[in-house]
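Participant: here is my input; please provide its structure:
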Amino acid sequence: MAPTKVGMEYIANNSTRKMACKKRTMGVMKKAGELSTLCGVEVCCVVLPEGEPSSSEMQVWPSLPEATAMVDRLKAMPEVDRRRKEMDGADYVRERIGKAKEQLRKAERDNRQRETTLRVHDAMVGRRESLDGLTVEELTGIGWTTENLIKKIKDCIEYRSGRHQAGVTADPLPTVAADVEWWERQL
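Facilitator: The predicted model follows:
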């Protein structure tokens, strides 16, 4: 039988609460050791029992002197260094929004490039005879795409005829062929 999920609320029964605290403390200490070993980072854990704890009841990992040394190094760091990686809810949301905006900009750029390539293809196969009504940006994109295609074709011809440049080490035909295949799929 699968274990039942424990509700996240204060355990009212004193002995049950102390047993849960003991078991979970051992689990946290084990995870701290694993984190330190696997990732090579400094980790310390301090668990204070409820009420007025004495130093004998306090549990520390890896040891009290090592944990004290880590805390002292943390306190000695400038405030700016300590807070550098901290993030509250608002910072997290701002970061996620920034990443989403960057993804949107990349998708829009890719979309514009595909639309431009499709316009060039339409003009090449005769489906579009005029470029009237296009914006300056769209015309610039068509010019850039056309120049790139012409350069790829020239590189391919030069490579095949043995007059390739020193920087061209592989046959450029596969990239030209991929462009042609993409155009054919659009028909």
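Participant: give me the most central residue, this protein.
Facilitator: Centroid-nearest residue in the chain: residue 99, 8.7 Å away (criterion: Cα atoms, centre = their mean).
Participant: list the buried residues in the helix or strand where that residue lies.
Facilitator: According to DSSP states H and E, residue 99 maps onto helix 89-125. Using 16 or more other Cβ atoms under 10 Å as the test for burial, helix 89-125 gives 116, 117, 118, 119, 120, 121. In short, each C-beta sits where N, CA and C put it, glycine included.
Participant: next SSE downstream of the helix or strand harbouring residue 60?
Facilitator: Using DSSP H and E, residue 60 sits within strand 59-61. Once the chain leaves strand 59-61, the next helix or strand it forms, by DSSP H and E, is helix 64-76.
Participant: any idea how far that next one is from the middle of the chain?
Facilitator: 32 Å (Cα atoms, centre = their mean, to the nearest Å).
Participant: can you dump the C-alpha atoms of that helix in PDB for me?
Facilitator: C-alpha atoms of helix 64-76 as PDB (Å, rounded to 0.1, in the frame of the first residue of the first chain):
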ATOM      1  CA  LEU A  64      29.200  22.900  15.300                       C
ATOM      2  CA  PRO A  65      32.700  24.400  14.600                       C
ATOM      3  CA  GLU A  66      32.300  24.000  10.800                       C
ATOM      4  CA  ALA A  67      28.800  25.500  10.800                       C
ATOM      5  CA  THR A  68      30.000  28.400  13.000                       C
ATOM      6  CA  ALA A  69      32.900  29.100  10.600                       C
ATOM      7  CA  MET A  70      30.500  29.100   7.600                       C
ATOM      8  CA  VAL A  71      28.100  31.500   9.300                       C
ATOM      9  CA  ASP A  72      31.000  33.800  10.300                       C
ATOM     10  CA  ARG A  73      32.200  33.800   6.700                       C
ATOM     11  CA  LEU A  74      28.700  34.700   5.600                       C
ATOM     12  CA  LYS A  75      28.400  37.500   8.100                       C
ATOM     13  CA  ALA A  76      31.800  38.900   7.000                       C
END
